[in-house]
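Peer 1: return a 3D structure for these sequence lines:
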Amino acid sequence: MQLISSRIPIILLTFLSISSFALSFDVAGLKLGDPISTLESLDGLSKKFLTVTHDPEGKIVRIFYRQEDLANDVETQAKLVNQICEKYGRKFACDYALSEIESTDGSFTSFYQRYRNQNKTQELNAQISRTKIISLKPKLFVEIDLVDTAYGQALLNQKSTDQ
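Peer 2: As a prediction, this is how the structure comes out:
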């Protein structure tokens, strides 16, 4: 496996169109199984937060997005949670996170939701959390990790045999 690093600005989260019943997920126009050359067609400035992994045949098997140092205010928290939930599917975790954000005690510290496609061949994990739990001015990060299920299982098997 080769790892190619590139990044995508938070604005591209609005282009992530996924349903929890989708046959295939996409992140910023990239899909699992696409040729790695698809990455080259993305705008150079839009690759800032993206890491893509491909198999020996050059097919994408993992798309990982991480952006750090986002403002940790109520508006940003709600915007990020809503973007993820509207694009990937509204689950209980979405409503719970939004209720934490809306509470006046500032109890929101993180959001996590796992999605699987209809065929269970792809898994998408979305997370929003503080970069530091104990800090006077904690920032947020957002992670979106889309993995081919077979590739993910192979990694788990490899880790268990390495121990």
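Peer 1: what are the buried residues along stretch 84-97?
Peer 2: 84-85, 87-89, 93-94, 97 (16 or more other Cβ atoms under 10 Å). (Each C-beta comes from the backbone N, C-alpha and C, glycine too.)
Peer 1: straight-line length of that stretch, end to end?
Peer 2: 12 Å (Cα to Cα, to the nearest Å).
Peer 1: re earlier: using CSV, lay out the buried residues of stretch 84-97 together with secondary structure and pLDDT.
Peer 2: Below are these laid out as CSV (DSSP: H, G, I helix; E, B strand; the rest coil; pLDDT from 0 to 100):
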residue, secondary structure, pLDDT
84, helix, 92
85, helix, 92
87, helix, 85
88, helix, 84
89, coil, 86
93, helix, 92
94, helix, 93
97, helix, 93
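Peer 1: export those to CSV and append columns for distance to residue 136.
Peer 2: Output for those, formatted as CSV (distance: Cβ to Cβ, whole Å):
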residue, distance to residue 136
84, 27
85, 29
87, 32
88, 32
89, 35
93, 28
94, 29
97, 23
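Peer 1: which one among these gets closest to residue 160?
Peer 2: residue 93 (28.3 Å; Cβ to Cβ).
Peer 1: okay, helices next: where are they in the chain?
Peer 2: 37-40, 74-88, 92-102, 149-162 (DSSP state H).
Peer 1: how about those in a markdown table, adding distance to residue 117?
Peer 2: Formatted as a markdown table, the helices of the chain follow (distance: least, Cβ to Cβ, whole Å):
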| stretch | distance to residue 117 |
| --- | --- |
| helix 37-40 | 19 |
| helix 74-88 | 11 |
| helix 92-102 | 18 |
| helix 149-162 | 9 |
